[in-house]
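[1] Take a look and give me a structure for this.
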Amino acid sequence: MAVTEERSAGLDVARIRKDFPILERTVEGKPLVYLDSAATSQKPNQVIDAEADFYRNHNANAHRGLYLLAEEATELYEGARAKLARFIGARQPETIVFTRGTTESVNLIAYAWARRALAEGDEILLSEMEHHSNIVPWQLAIRDTGAVLRYLPLTDDGLLDLSDLGSYLTERTKLLAITGMSNSLGTLPPVRELADAAHAVGALVLVDGAQLVPHVPVDVAELDCDFLTISGHKMLGPTASGGLYAKLEHLEAMDPFLGGGHMIEEVFPDRSTWNEVPYKFEAGTMNIAQEVGLGAAIDYLDGLGMDAVREHEEEITAYAIDRLLGAGATVFGPKDVSVRGGAVSFWYQDVHPHDLATILNEEGVAIRAGHHCNQLVMRRFGVPATARASFYVYNSNDEVDALVEALGKAESVFA
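    A predicted model of the protein is given here:
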């Protein structure tokens, strides 16, 4: 399948695709159509080369040695931190803690903040569209503290139902933990509106940025969030890359998450003192090469321009929703692309999503099928699973056409 669209909403998609070697693969003798970027994005040569260059030419443990390689490794590692801070509008690089991504970042807060800050009867407010990574750590936290979880409901079109927000955000609320973009419905909650309401009752705000940061220009000052989680592998970076942004006063007050080397200042037989922020939270040998690769991914996205990335996503998502609805699919989540991202969940005819994904694979089309770590969403909409096509900078309308054509073949198989 050739990409006939030279440009889409300011992005030269045909040129971009040349940077991604995996897109040259074939599956079952057909060109690969990769529509699962919400699970993990593909990696451009620039990221692959940056990680390989680190291992070939600079491999040493950051912040450990005074020799040249160690100094180079430290400079590259800290350079990636500065890039990530700038990318999300954080004014101080030390407000970025490197982690393996959103799951580790949420768990860090649930242990290092929640177990000290929460007491019996306190409340954490989530929503029904949260990824399990923003539910399960809080379930463990309330088990240990006696706090309570509450959930903002969803409307039938997949938006947050904020009609009774005042009864959910109360003086008992200590944390609002909300996705910045749903990985199954694509919904973009009004984060700043929610942050203002939460802060008005004295609650902190955590934004799960796993889907938000790769696709939308983000400025933490504009969001006024206390915490933002970042998954590098969803924004063209390596797996096991990513981080946590937190306001400096929170990081300084929080307990360490992991104990070990480098996160300490002094160690005595019965106690220890901690290194300065952010190193207090970076125990042991970190994922240095992966974070260096993430820095290269940020350079790549900066080169494209995040406004153009968002514009492209709106265009291709609108096209995909229109084509899917026209083919007889049920699409879950908002239809207005101004309030949603490019993860499009759907049910096609009477074909179970798992069967659908299997048949589509035979046509070279890679989609996700299952509950997408969103079992609350599946129950809300009365389905056991959905099929999901998710888009990024290297996808084109031609690939949406390939998806719809493959759906027709699946229908004929199960007719």
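[2] Give the helix, strand or coil label for K280.
    helix (DSSP: H, G, I helix; E, B strand; the rest coil).
[3] Just give the closest residue to it, not the sequence neighbours.
    W274 (4.5 Å; Cβ to Cβ, 6 or more residues apart in numbering). All C-beta atoms are positioned from the backbone trio N, CA, C, and that covers glycine.
[4] Pull the number of nearby residues for the one you found.
    Here the number of neighbours of W274 (other Cβ atoms under 10 Å) works out to 16.
[5] And it, what's its pLDDT?
    On the pLDDT scale, W274 is placed at 98.
[6] Run through the bridge partners of it.
    I264 (DSSP bridges).
[7] List the residues that contact it.
    Neighbour list for W274: 256, 263-265, 280 [criterion: Cβ atoms under 8 Å, 6 or more residues apart in numbering].
[8] now, among these, which is nearest to S133?
    S133 has its nearest neighbour among these in P256, at 20.8 Å by Cβ to Cβ.
[9] Assign the closest one to helix, strand or coil.
    P256 is classified as coil under three-state DSSP.
[10] Next one: it from T273, what distance?
    From P256 over to T273 the distance is 11 Å, taken as Cβ to Cβ, to the nearest Å.
[11] The two - which one has more neighbours?
    P256 (19 against 10).
[12] Surely that one touches M263?
    Yes. P256 is in contact with M263 according to Cβ atoms under 8 Å; the separation is 5.7 Å.
[13] and for these two, which residues touch both?
    Common contacts of P256 and M263 (Cβ under 8 Å, 6+ apart): 274, 280-281, 283.
[14] Can I get stretch 340-352 in CSV? Just the C-alpha atoms.
    What follows is stretch 340-352, C-alpha atoms only, in CSV (Å, rounded to 0.1, in the frame of the first residue of the first chain):
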residue,chain,number,x,y,z
ARG,A,340,-11.1,13.6,21.8
GLY,A,341,-7.9,12.0,20.6
GLY,A,342,-7.0,9.4,18.1
ALA,A,343,-7.8,6.2,20.0
VAL,A,344,-11.0,5.0,18.3
SER,A,345,-12.8,2.0,19.9
PHE,A,346,-15.6,0.3,18.0
TRP,A,347,-17.7,-2.8,17.6
TYR,A,348,-18.2,-4.1,14.1
GLN,A,349,-21.3,-6.0,13.2
ASP,A,350,-21.6,-9.2,15.3
VAL,A,351,-17.9,-10.0,15.1
HIS,A,352,-16.1,-10.3,18.4
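[15] now it: how far from the chain's centre is it?
    19 Å (Cα atoms, centre = their mean, to the nearest Å).
[16] residues of that stretch that come out buried?
    Under the neighbour-count criterion of 16 or more other Cβ atoms under 10 Å, stretch 340-352 has 340-348, 351-352 buried.
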